[in-house]
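*Asks:* Got a predicted model here, sequence first, then my questions.
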Amino acid sequence: MNLARVALPFLVLLLAGCNTGRVTNPRAPGPAVGNAVGYVAGGVAANVVGAGVGVVEGAGAATEKTFNSDRRIVRTWTTEVTSDGRTIRVPVEIEVDEYGRPIGQPKPAR
């Protein structure tokens, strides 16, 4: 008897949502409103999840950029005249960012 009291409500709840065919008219006011509310709730939930994913990906990209140790060096050559009259070419190196804007003089290589 106790098993029947537990099993019967469980069985009713289990079978209550198992219908795969259309029982109601989707154009009737009740189901139409229900579908509209479902679409709106799904759209809002998807946007909230998408915003969360965007925040996490943006934080990851910012963290990656902080620890990026790639150096971009642009080398140009200048012509100088030494004290004994010789003309030589001297390299001038400028460190640039990923857009080619100068950052400053590069650190000496070790």
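*Replies:* Sure, I can see it. Numbers count the residues shown, from 1 in each chain.
*Asks:* Tell me the gap between the worst-scoring helix or strand of the chain on mean pLDDT and the middle of its chain.
*Replies:* Of all the helices and strands that make up the chain, helix 2-16 has the lowest average by mean pLDDT, DSSP states H and E, namely a mean of 76. Here helix 2-16 is found 45 Å from its chain centre; the criterion is C-alpha atoms, centre = their mean, to the nearest Å.
*Asks:* any residues touching stretch 87-104, and which ones?
*Replies:* With C-beta atoms under 8 Å, 6 or more residues apart in numbering as the contact definition, stretch 87-104 has outside contacts at 71-82, 105-106. (Glycine included, C-beta is placed from N, CA and C.)
*Asks:* Among those, which lie within strands?
*Replies:* If you go by DSSP state E, the contacts of stretch 87-104 have 72, 73, 74, 75, 76, 77, 78, 79, 80, 81 in strands.
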